[in-house]
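Trainee: Next input, structure requested:
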Amino acid sequence: MLTIWKWGNLLLAFLVELVAIGIFAWWGWSATGSTTLRLLLAIGLPALTVVLWGRYAAPTAKSGGPAVRWSVKLLVFGLAGAALWSLGHPVAAVVFVAVVAANLLIIQAQRIEP
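Mentor: Residues are numbered from 1 along each chain as shown. Take a look at the predicted model:
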């Protein structure tokens, strides 16, 4: 049962990371301005998120330390929640942030991160 719990939480962690990337793309495309600017934001924000995450917050990240890892995670998920809120979905934003917070707390409590 513990293995199912562990892998379920790790799967959820991966899914909320993907959702955050999608929220940034959606927010970028919904920005006001020219189509070129919207396209740059819709591609650039998720790309920047992926680079930051891979470098500092991924379980295999070599740069930074625990403080940097947690700072990047809080920044990414907090900004994703704020972006979702600004898109006119406050309930979804609160649910997203609550799910992320619960998942991060469970992972930390279980120390199931590699």
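
Trainee: what about the strands in this protein?
Mentor: Taking DSSP state E, the chain contains no strands at all.

Trainee: buried residues in the longest helix along it?
Mentor: Identified as the longest helix of the chain according to DSSP state H is helix 2-30. If you call a residue buried by 16 or more other C-beta atoms under 10 Å, then helix 2-30 has these buried ones: 9-10, 12-13, 16-17, 19-21, 23-28. The way it works is simple: take the backbone N, C-alpha and C, and place the C-beta from them, glycine included.

Trainee: repeat for stretch 103-110
Mentor: Result for stretch 103-110 [16+ other C-beta under 10 Å]: buried residues Asn103, Leu104, Ile106, Ile107.

Trainee: out of the residues you listed, who's nearest Ala57?
Mentor: Taking C-beta to C-beta as the measure, Ala57 lies nearest Leu104 of the buried residues of stretch 103-110, at 10.9 Å.

Trainee: Count the residues that sit near the residue lying closest to the closest one once chain neighbours are set aside.
Mentor: Excluding the flanking residues, the one nearest Leu104 by C-beta to C-beta, 6 or more residues apart in numbering is Lys73, at 6.8 Å. Counted with other C-beta atoms under 10 Å, residues neighbouring Lys73 total 18.
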